[in-house]
Each structure stands twice: as structure tokens, then as C-alpha cells.
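J.: mind looking at a prediction? Sequence and model below.
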Protein chains: 2
Amino acid sequence: MEAGVRPRIVVIGSGNVASHLAPALDTHVGDVVQVMSRDLSHVRRLAGALRGAVAVDRPQDVISDADLYVMSVSDDNIAPLLDRLDCRQGLWMHTSGSVPMTVFEGHALRYGVLYPLQTFSRDVAVDMRRVPFFVEGSDDVEALTIHDIAARISSSVHYADSLVRRQLHVAAVFACNFTCQMWAEADEILQRAGLPFSTLLPLIEATFDKVRQVCPADALTGPARRGDRNVIAAHMEMLPMPQREIYRCISERIIDRYHDEHGI
Amino acid sequence: MEAGVRPRIVVIGSGNVASHLAPALDTHVGDVVQVMSRDLSHVRRLAGALRGAVAVDRPQDVISDADLYVMSVSDDNIAPLLDRLDCRQGLWMHTSGSVPMTVFEGHALRYGVLYPLQTFSRDVAVDMRRVPFFVEGSDDVEALTIHDIAARISSSVHYADSLVRRQLHVAAVFACNFTCQMWAEADEILQRAGLPFSTLLPLIEATFDKVRQVCPADALTGPARRGDRNVIAAHMEMLPMPQREIYRCISERIIDRYHDEHGI
């Protein structure tokens, strides 16, 4: 990017990531001039929230002379979309944790990855300055440019190749998605007891406070950590499937890790 | 408890719960005069942190004329200990999530449960005012007394019978212990990639922020939520056992819940 010139940016996608990233790009990096997504209502809403961005819903309507192209679509859609886009100009990036950078080979000449390690839901605010970004580029120049783009949005930018990025993504699935599912299971159990989920918030907050101070293995407490098989058996008896199976699977993992005797 | 008279309290146990509860009882409820635990170094440390509490390590040395007895020992030790204690006087409580109140039958005359829904680690501070306590008593008078005790420690006190309490406990295992284990799995994966666990803290913080605003089911994102089987397959291929099995088990649960087609 030339110093002093605001790059023209096209955002492809209008989902959870795009809806947070597009405003950040527009504010800190350049002018988002176009947003493309097959979901016309989503893309119109997103473009409408940006100054001067045009909403389009067909790949053939994407302009070919922008400076930066940021693709935030589901992993499976990246390659099929690239087949239908004119990628010869500009610097192309996707924001996926799991898709290798090489997906751009044979399509774009200059490309890379701009991966925000964060969970985005359309209507929940996120402080982008604190989101860790992991970047790579098709060569050192592109890597540096993408690093610079990320550094305008966030104070936490790191280089990571596609293999490391995929490991980050799977770690994030455990740390965020599966954690959320554990809370959803707890919510279901509480609903059966007629109690609101908010009952658990002080406990969840304290659990989070702990892992800011000690590593997760040291923060772990509870029946499986203590090897208390009577409590584990009583809990499993209370639970319907498939919660019982999830309880068994994770408790067995904890017991195997912290206790000599195996099996529940 | 008589108004204006500070009750004399015996704490039995010196583990994670006792080490947080004993100081709170001593400050807000009465005088902890004795702490009993088979672990002499732990019990001495705990008694030493209280004004005028004596440390003992044998059940037969527990005084029989205190007003309140609070047992915070592992679930399996409650009944065997009661066999060796003189419980005829005073109000007896345990702090377990899963042990029914009836464990005291045939031992104590006045008894109940004082269950803090919280994770305690000895060296991590907890704001006891915000810990939800769930209480029950052998009759209405005892229930009211235990409610009063809890209300001196915390601003969040609720009645719950042994069945509801057990459901709370199993919900807490999912919300706290299993969440912690998800973070421990993520930590292991990051260690293999040479990255520190702190990389994930903004993500974990955002995940927690979300469930303060929306229910966990609505906060859930990620490959399984999207039904993205290619990413799931690629992630599972990367993971060694037993992480692969945990990944499969939870992803299958999410897909079953949110998508029509079954199986990964």
C-alpha cells in the first residue's frame, strides 16, 4: 500500500466475521467500496453501515481493480467463489483458520491470510484492538503488507503459516465453541431443574478468572479431577443421553490424565 | 443462633472449599474455634490464618459442644467421618453438591446443607458475596438458620432440596470443570504449535462476554454449528487420541442438535 493513499477494499461475505471486519477495515485501513454476498439482505445491511460501500450479490459484479480483497465466507465456499472471480489484480486475503493459503494458487497473483482468532456474532460488540490476528503472505512483501493491515486494526499481530494457523483454529474450537457447548449442556440441565442460566455466571466468571492466573490444568477441580467415581456414577445416572456420553467421555479423559487407574 | 451471641464454629476439612469458607464464617458468622483435618500441615495453615482456631487431626479430638459444625471434606469421607464424630449437639452442615442431606440421619439431630456453587482453589481469591449458596435443613427452623448463615456470607442465597442441588452440581461440572478441561485441551494443542495459552485469552473472554448477553446456544459458533464437515474431518485428522475422540463426541452432539443429517 502506498503511504498516504487510502486503498480501495472489497469485502466478500456478510456473515459474522465480515460484519465485524468490514467496519474495522473501513475505519482503519481504507475505503470499503463494495461488499459482495449471495445473501442480499445481509449484504445490504452491511454495506449500508459503511460509508459509500455498494452491495452486490453476484461474483461477476465484483470490481476487478480494487487494491485489497478480503474474503470472509465459509471455508467450503472459498475455492468455488475464486473460480468465479477475476483475481488478477489486487491483494487477496481470506480470513479462515483452516483453509491453506494455497487455495489462491492459480487464481490470484498476490495473496495471503488475515486470520482473526476470535468468535464473532453479528450483534455482539468485539474490541478489535485486542483480537489476535495471524497473517501470512504469498511472499515477504505481501506478508508485510497484510501484517501492516492487521496492525492498523489490532495491537496483537503475529505471523503464522497455514499449519500453525490450523492448529490455532482447532485450539480455538476447544477453547470457544466446545466451551460454549458445555455451557449449553449446563443450561439444559438447569432448565430441567427450573433454574435460570444466570445462576452459573459467578461460577463461570471465577473459572475464567482462574485461567488468567494459573494454567487450565491447575485450575481444574471437580469429581473427575479428584477421581471421585461415586459422584461420577451418580451424575451419569441422572443424565439423559447424549449428555451422559459427553460426561463420560470428558470425565474419562480427566481421570486418565490425573489418576493411575483407568476407566470410570 | 441467639441474637448478639457469636456462635462457636468447628470446621471439618482443610481443602479448597474449607480454606475459603472458614475465613468467611469466622469474619461474618461466628468464631471458628477448631479446624479438624487428617492433613496436619493443611489444617495448621488454615487454623493459623484464623483468630484463635485450634488445629486437630483426629475425629475424637473434635469438641462436642460447638454451635455450628461445617463439614467440607470429599463426598466419600462424609459418612465414615460421621461414624467417628459425636454429633448429638449443635447444627451440622456439609457443603457437598451431590451428597443428600439424609447422610446425617442417625448421627446428628439438627442438620442441613450449605452448598456454595463455586470453584475454589486454595490460592485464588474468590468474592464470597457473589457466590450463590443453596441451602436446606432438617426442618424449617434449621433451614432458616442455615439460610441466615449463608446470607451473612453471600448476597445470593437460595433454598434447594437434595435433588435440585445434585442437578446444580452436575450443571456446574459442565459449566466449570469440563470448560476448564476444554481449555486444557486447547493449551496442549497450542503447546504443540509452540504458542502460549495466553494467545487464547481474548477469545475466551469474548466467549464469556457473549453468554452474559445471549444464551449459550445462541452464542455458539464454529465448524460443528455451521455443519462444516470438511473442517471437522480435517481437525480430527490433526488430533491425536484421546483429543480426537473428545472432538468427535462434542461435534456430533452439536451437529445432532442444530442440523438434520446425523453423523460426522
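T.: The structure has been received and is ready for your questions. Residues are numbered from 1 along each chain as shown, chains lettered A, B, ... in the order given.
J.: list the buried residues for stretch A:75-91?
T.: By neighbour count on 16 or more other CB atoms under 10 Å in any protein chain shown, the buried set for stretch A:75-91 is A:75, A:78, A:81-82, A:85, A:87, A:90-91. (Glycine included, C-beta is placed from N, CA and C.)
J.: what's the closest of those residues to chain B?
T.: Set against chain B, the nearest of the buried residues of stretch A:75-91 by CB to the nearest CB is A:Asp75 (5.5 Å).
J.: so what's that closest one up against?
T.: If you count contacts by CB atoms under 8 Å, 6 or more residues apart in numbering or on different chains, A:Asp75 has them with A:96, A:98-99, B:223, B:228, B:230-231.
J.: mind listing the helices for the stretch 1-150 of chain A?
T.: For the stretch 1-150 of chain A, applying DSSP state H, counting those that start in this stretch gives helices covering A:16-28, A:40-48, A:75-84, A:140-153.
J.: quick revisit: ok, which pair from the buried residues of stretch A:75-91 is furthest apart?
T.: Longest distance between any two of those is 21.5 Å, between A:Asp75 and A:Gly90; criterion CB to CB.
J.: didn't A:Ile189 look like it was pressed against B:Val173?
T.: No: between A:Ile189 and B:Val173 there is no contact under CB atoms under 8 Å: 9.3 Å.
J.: in PyMOL, select just the buried ones from the contacts of A:Asp75.
T.: PyMOL command restricting these to the buried ones, with burial defined by 16+ other CB under 10 Å:
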select buried, (chain A and resi 96+98+99) or (chain B and resi 223+228+231)
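J.: now pLDDT too, for the contacts of A:Asp75, in JSON lines please.
T.: Shown next, in JSON lines, are the contacts of A:Asp75 (pLDDT from 0 to 100):
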{"residue": "A:Ser96", "pLDDT": "95"}
{"residue": "A:Ser98", "pLDDT": "91"}
{"residue": "A:Val99", "pLDDT": "94"}
{"residue": "B:Pro223", "pLDDT": "92"}
{"residue": "B:Asp228", "pLDDT": "87"}
{"residue": "B:Asn230", "pLDDT": "88"}
{"residue": "B:Val231", "pLDDT": "91"}
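J.: so which of the contacts of A:Asp75 are in strands?
T.: In strands, judged by DSSP state E, none of the contacts of A:Asp75 are found.
J.: adding distance to B:Leu114, write the contacts of A:Asp75 out as CSV.
T.: Formatted as CSV, those follow (distance: CB to CB, whole Å):
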residue, distance to B:Leu114
A:Ser96, 50
A:Ser98, 48
A:Val99, 53
B:Pro223, 43
B:Asp228, 46
B:Asn230, 51
B:Val231, 46
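J.: start and end of stretch A:130-149, how far apart?
T.: Its start and end residues considered, stretch A:130-149 measures 15 Å (CA to CA, to the nearest Å).
J.: buried stuff in that stretch?
T.: Buried residues in stretch A:130-149, counted by 16+ other CB under 10 Å: A:131-138, A:142-143, A:145-147, A:149.
J.: list, out of the residues you listed, those positioned next to chain B.
T.: Among those, the residues that sit close to chain B (CB under 8 Å from any CB of the partner chain) are A:131-132.
J.: number of residues surrounding A:His158?
T.: Using other CB atoms under 10 Å in any protein chain shown, A:His158 has 17 other residues around it.
J.: wouldn't it be in contact with A:Phe134 here?
T.: Yes: under the criterion of CB under 8 Å, A:His158 makes contact with A:Phe134 at 5.3 Å.
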